[in-house]
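Participant: Have a look at this prediction, sequence included:
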Amino acid sequence: MRRPSFPEGGAFLPAPFASERRRLENRLIEILEEYGYSEIATSVFFYADQIERLLPRSIFEQSYKLTDRFTGRTMLIRPDITLQVAKLVSTLPDIKFPLKVCYAGKVFRDQINHAGRSRETKQVGAEFFGSNDPTGIFDFIEKMASELSIPIKLISIGNGAAIRKMIGNLDSRKSEAVKAVKTQDRALLKKIFTGEDYKFIDRRLRIFDRVDFEEIKRFCRLSEAETENLRRTIDLLSEKFKDSDILFDGSDIGRFFYYDGLTFSFYSKTGQEIASGGEYRSLMRIFGNPIDAVGAAINLDNLYMTIKNLRLSGNLEER
């Protein structure tokens with residue numbers, strides 16, 4: 001089989017790749033519905049003044065913008081779907097919790113296509129409102145991996161609450177600090193933080209490939225409840241993904257700005273990140289609905305390319 005070649009940005013998929021990816025998307029939604037998630041859809045556009053205060057400056061600057069010719073207001077082309085779903089759930093009347101919803105859609109970022117980042121990404125996501133229990137989401141990922149014969153090689157767990165609280169007080173340098181933490185740029189961190197704050201962050205920027213809960217609790221300043229939640233989560237993952245390596249990444253403050261508790265990322269044996277998510281109670285509080293929430297998104301493009309690469313290497317049969 002010839003290796004597939006896609007144009008930059010992933011905006012165009014020739015046949016048969018387009019139909020294969022659509023079938024994959026449909027099957028993921030079917031699996032989510034089997035686990036009690038109801039599909040919803042959100043608009044590709046929304047007004048900037050409704051959401052700008054919730055977006056980090058870096059994300060707002062990466063958003064594609066256009067002007068509504070009838071009102072003159074600035075509109076954004078969707079940079080994130082969870083944000084929209086959380087706002088929708090918080091504003092609709094007579095919703096009963098807990099509530100499970102799922103979606104499929106594209107997100108758009110005005111950024112350089114590099115190191116797995118794309119300007120246009122297709123996602124299939126699941127959000128659980130009224131609970132921070134990720135069991136159902138892990139069940140879905142487990143079934144997806146099993147049905148598609150995709151080995152989950154690595155699972156990375158994080159908890160960004162402590163660092164996020166510290167970064168949240170920085171105001172103008174917040175985006176710069178998030179970048180420094182994610183890239184572990186200690187020189188930049190020394191310019192942003194001083195004294196005990198820098199010492200705390202420097203100690204926390206560690207990857208624990210051997211999960212020692214007491215050590216993680218001490219280094220990451222986790223509470224008893226947070227430590228117990230971490231323990232339960234790792235026990236659950238160890239049971240469901242017996243052949244996967246599990247590590248705790250002390251520098252992981254979440255792939256997106258609203259994760260304020262446990263975060264998780266799943267990687268295939270080809271090295272592609274195929275799913276990521278976490279807890280985001282603080283986002284719900286901003287929308288006036290202070291309930292627990294946990295969600296995850298499947299990067300459909302990465303998942304599809306993982307399947308193609310496994311087939312090309314002879315490690316996955318055609319279906």
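Facilitator: Happy to help now that I have it.

Participant: just checking, next helix/strand downstream of the helix or strand of the chain with the lowest mean pLDDT?
Facilitator: Ranked by mean pLDDT, DSSP states H and E, the weakest helix or strand in the chain is helix 161-167, scoring a mean of 69. Next helix or strand after helix 161-167 toward the C-terminus (DSSP states H and E): helix 174-183.

Participant: in the helix or strand hosting residue 19, what's buried?
Facilitator: Assessed by DSSP H and E, residue 19 sits inside helix 17-34. Within helix 17-34, the residues that count as buried by 16 or more other CB atoms under 10 Å are 17, 20-21, 24-25, 28-29, 31-32. Yep, even glycine has a C-beta here, placed from its N, CA and C like the rest.

Participant: Could I get the average pLDDT for that helix?
Facilitator: What helix 17-34 shows for mean pLDDT is 93.

Participant: Can you work out which other helices and strands pack against it?
Facilitator: Applying 3 or more CB pairs under 8 Å, 6 or more residues apart in numbering; DSSP states H and E, we find helix 17-34 packed against strand 38-39, strand 99-108, strand 120-129, helix 135-148, helix 300-312.

Participant: Tell me the first helix or strand C-terminal of the fourth one.
Facilitator: This means helix 135-148. Moving toward the C-terminus from helix 135-148, the next element (DSSP H and E) is strand 152-159.

Participant: How far does that next one sit from its chain's centre?
Facilitator: How far strand 152-159 lies from its chain's middle: 12 Å, per CA atoms, centre = their mean, to the nearest Å.

Participant: Check the spacing between residue 219 and residue 251 real quick.
Facilitator: For residue 219, the distance to residue 251 equals 11 Å [CB to CB, to the nearest Å].

Participant: Which neighbours do these two have in common?
Facilitator: Both residue 219 and residue 251 are in contact with 204, 206, where contact means CB atoms under 8 Å, 6 or more residues apart in numbering.

Participant: returning to what we had before: can you convert the helices and strands packed on helix 17-34 into CSV and add a column each for mean neighbour count, distance to residue 78 and mean pLDDT?
Facilitator: CSV is the format used below for those (neighbours: other CB atoms under 10 Å; distance: least, CB to CB, whole Å; pLDDT from 0 to 100):
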stretch, mean neighbour count, distance to residue 78, mean pLDDT
strand 38-39, 12, 17, 96
strand 99-108, 20, 6, 95
strand 120-129, 23, 10, 94
helix 135-148, 18, 22, 94
helix 300-312, 20, 15, 88
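
Participant: For residue 57, find the nearest of the ones you listed.
Facilitator: Closest approach to residue 57 among the helices and strands packed on helix 17-34 (CB to CB): strand 99-108, 17.5 Å.

Participant: partners of the closest one, with directions?
Facilitator: According to DSSP bridges, strand 99-108 forms sheet pairs with strand 38-39 (parallel), strand 120-129 (antiparallel).

Participant: out of those strands, which comes closest to residue 182?
Facilitator: Closest among the strands paired with strand 99-108, once you apply CB to CB, is strand 120-129, at 18.2 Å.

Participant: how distant is that closest one from the center of its chain?
Facilitator: Distance, centroid of strand 120-129 to centroid of chain: 8 Å (CA atoms, centre = their mean).

Participant: and the helix holding residue 19, C-alpha only, in PDB?
Facilitator: This file holds the C-alpha atoms of helix 17-34, laid out as PDB (Å, rounded to 0.1, in the frame of the first residue of the first chain):
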ATOM      1  CA  PHE A  17      -9.500   8.700   2.700                       C
ATOM      2  CA  ALA A  18     -12.400  11.200   3.200                       C
ATOM      3  CA  SER A  19     -15.000   8.400   3.300                       C
ATOM      4  CA  GLU A  20     -12.800   6.200   5.600                       C
ATOM      5  CA  ARG A  21     -12.400   9.100   8.100                       C
ATOM      6  CA  ARG A  22     -16.100   9.800   8.000                       C
ATOM      7  CA  ARG A  23     -16.900   6.100   8.800                       C
ATOM      8  CA  LEU A  24     -14.400   6.300  11.600                       C
ATOM      9  CA  GLU A  25     -16.100   9.400  13.000                       C
ATOM     10  CA  ASN A  26     -19.500   7.900  12.800                       C
ATOM     11  CA  ARG A  27     -18.400   4.800  14.600                       C
ATOM     12  CA  LEU A  28     -16.900   6.800  17.400                       C
ATOM     13  CA  ILE A  29     -20.200   8.700  17.900                       C
ATOM     14  CA  GLU A  30     -22.100   5.300  17.900                       C
ATOM     15  CA  ILE A  31     -19.800   4.000  20.700                       C
ATOM     16  CA  LEU A  32     -20.300   7.100  22.700                       C
ATOM     17  CA  GLU A  33     -24.100   6.800  22.300                       C
ATOM     18  CA  GLU A  34     -23.800   3.200  23.600                       C
END
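
Participant: Having no further points to raise, I will conclude here.
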